[in-house]
Structure formats: structure tokens, C-alpha cells
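Trainee: predicted coordinates and the sequence they were generated for:
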Amino acid sequence: MKRYILTLLAALFLLVNGVYAQTTSYDSKKGDLGISVTFNPASLAYSMSCQPAPGDFAGEYISDLAGNPKQMFILAQDPLAALRLKYYTTDKSALRFGFGFNGSVVKYREYVQDDLAVALNPESQNKVTDAITSRLNSLSLSVGWEGKVGSPKIKFVYGFDLLYALAGGRMVFDYGNAMTDLNHVPSSMPMTTPKGTLDDFKSKLGIDYARPVERYNSGYIHGLGVQADAGLEFFVAPKIALGVSMTFTPLMVTFQPKTYATYEGFSANTGKVEQVTDVVSPGSCALLYGTQNLGCRIALTYYL
């Protein structure tokens, strides 16, 4: 990922260098207001990585992710898309405010045997589809300071922000073969098949086999951190600037609520298919630091 970002930055630097002589010059003044729309492609890639990989057992993935800072690192990303305002308190520095949104909806699908068709005809090759839909979304608010140095045509821009982020997610499982009184162990994709029996369910409810139906948090995940960035800005038209900068959040504290998972299984005690909701994680907090969330922000700004 970092190699991808560095390559993108190098390409953008060459672009800036090539159009430098053609850019329109403009110097910000005290009292100016800038409105920016930003995009950070690295954030989308990070959001996509917070999903179960094909072949992974989803039950273990749920358990591992619930107590792992990897899930909460989505909070520390620069927003995929954001609206930013900045007000110049001097000719070379400004206060800035941002509102952003990150998110991903991933639907993984896989063919499995059609149990009903095989029951009617053992030679049947019919298939049905299992699917897992994973949704992760976050909102972020930021307030910070920005400085710039350089010529009227091209400037080096740097700054930092105090970032607050709010996130939530849900994973839903949709099976092609229903669990019934006659089919206690329906064919399901490998990643939803437990490795061994679920002893807790067996001892309490007489369920030998269960598969996940849903995973969710009892509330929102919160994060508070410090974000920094540095890059270049050049003007493509009067008062319209294109900017590119490296971004990262070196430090963040996050708080995650309880995580639950709902399973379904045939209970020998009741003679019915039952759903059981279990606590996967009692809630956790994390101190995130480092450069795993390195990003590349592209901004288009209009100065009033």
C-alpha cells in the first residue's frame, strides 16, 4: 500500500512539475476563505481490507476482528471524500475545518450444493448461492491549522488537525440452503462452517452445529486522534488550486462497544431451529500509533 501511495505521489509530482510554468499565480491574504473537496483513494483500499478473505472461517474472523485494533483503524484514515473549509488568519496560515465520510459495502458470494435438489436426485449438480454482506461506515470531524510557503504559483502546504471519528458496521449472512427440522446441517460456504462443534451451544441448548447469521456492535465506535499532512498546491485557474499531500494519523485513542454475533442451529432440546446471540467481545479500547494509515489526499480548492 505504501509503495502504491509513493508511486502516486511521484506521478503527481511530475505532473506538477510539467504544468508549473502554465499555472496561474495567486497569493492568499488574511481574511480569505477557501472551500475544498478532497479525495483519498488509499482510504478505500484500507476499508476493503477490513473484510474476511475468501477461505477464511467467518466465525473466527468475527471473533478476531471484534477485539483487534484493525477494525478500529478505519477510524484513523483520512476520509475517502471530505468537505473542508479554511479561513486565513494571516497571509501564510489558516484555521481549517473538515467533515468527511468513509465507507464500504462488500458482498462476497459463493456457490454451494443445492441440498433439496440432491435429496430428490443424488446426481443433481444444482447450486445455490451463499453470501456475506459486510458494511463499515464512519464519519469524521476535524479542526486544525495550516501553513504554506513558496511562490505565488506553487506552494508547500503543511498542517495538523484534531480528529474525531464515529464508526459502525454490520455483517449479514444469507444462505442458499435453509436450516430446517429435516436439514440440521445444510451445505454452506466453507468460511461459515465451524471447525468442530460449538460446545457452549451444545451444553446449553443441545445445538451440535451452528452457523453465523449476523454480527454487529451494540453502539458506535469512537476515536479521537491527531492527524498531520504535507504536500504541494498549485493553481490551475484564478483562485482555483489543485493540491496533493501525504496524510497520516500518528496517534489515536479508540473505544469500541460490545460486539455480538447471532448464530442459528437445530436444538435437540426444543426440536426446532433456534437463533442464539452471543457476546463476541465485551468492548475494548485501543491506543493506535504508527503509519499504517498513510494516505494521499487530492484536493480541489476554490478561494473566495
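Mentor: Alright, I've got the coordinates.
Trainee: hey, let's count contacts and neighbours off CA atoms from now on
Mentor: Will do.
Trainee: kindly provide the distance from residue 182 to residue 116.
Mentor: Per CA to CA, to the nearest Å, residue 182 is found 11 Å from residue 116.
Trainee: and those two? Which one has more around it.
Mentor: residue 116 (15 against 9; other CA atoms under 10 Å).
Trainee: now the more buried one, nearest residue through space, not along the chain?
Mentor: Spatial nearest neighbour of residue 116, excluding adjacent residues (CA to CA, 6 or more residues apart in numbering): residue 177 at 8.0 Å.
Trainee: quickly list what residue 265 is bridged to.
Mentor: For residue 265, the beta-bridge partners are residue 210, residue 274 (DSSP bridges).
Trainee: list the contacts for residue 101?
Mentor: 79, 80, 81, 82, 137, 138, 139, 140 (CA atoms under 8 Å, 6 or more residues apart in numbering).
Trainee: just send those residues back as TSV, with neighbour count too.
Mentor: Shown next, in TSV, are the contacts of residue 101 (neighbours: other CA atoms under 10 Å):
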residue	neighbour count
79	29
80	22
81	21
82	21
137	17
138	23
139	18
140	23
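Trainee: so where's this protein uncertain?
Mentor: 1-25, 42-77, 193-200, 291-292 (pLDDT under 70).
Trainee: show me where it has its strands.
Mentor: Residue ranges of the strands in the chain, as given by DSSP state E, are 33-39, 81-88, 93-113, 127-150, 154-174, 207-217, 221-237, 240-256, 259-267, 272-281, 284-289, 295-303.
Trainee: to residue 120, which of these lies closest?
Mentor: strand 93-113 (12.8 Å; CA to CA).
Trainee: C-alpha coordinates for the closest one, PDB please?
Mentor: Extracted as PDB, the C-alpha positions of strand 93-113 are listed here (Å, rounded to 0.1, in the frame of the first residue of the first chain):
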ATOM      1  CA  SER A  93      -1.600  30.400   7.800                       C
ATOM      2  CA  ALA A  94      -5.200  29.400   8.200                       C
ATOM      3  CA  LEU A  95      -7.600  27.700  10.500                       C
ATOM      4  CA  ARG A  96      -9.400  24.800   8.900                       C
ATOM      5  CA  PHE A  97     -12.400  22.600   9.500                       C
ATOM      6  CA  GLY A  98     -13.300  19.300   7.800                       C
ATOM      7  CA  PHE A  99     -16.200  16.900   7.500                       C
ATOM      8  CA  GLY A 100     -15.600  13.500   5.900                       C
ATOM      9  CA  PHE A 101     -17.100  10.100   5.200                       C
ATOM     10  CA  ASN A 102     -15.600   6.700   4.800                       C
ATOM     11  CA  GLY A 103     -17.400   3.500   4.000                       C
ATOM     12  CA  SER A 104     -17.600   0.200   2.200                       C
ATOM     13  CA  VAL A 105     -20.200  -2.400   1.300                       C
ATOM     14  CA  VAL A 106     -18.700  -5.700   0.300                       C
ATOM     15  CA  LYS A 107     -20.900  -8.600  -0.800                       C
ATOM     16  CA  TYR A 108     -18.900 -11.900  -1.000                       C
ATOM     17  CA  ARG A 109     -20.800 -14.700  -2.800                       C
ATOM     18  CA  GLU A 110     -20.000 -18.400  -3.300                       C
ATOM     19  CA  TYR A 111     -21.800 -21.400  -4.900                       C
ATOM     20  CA  VAL A 112     -22.700 -24.400  -2.800                       C
ATOM     21  CA  GLN A 113     -24.600 -27.600  -3.300                       C
END
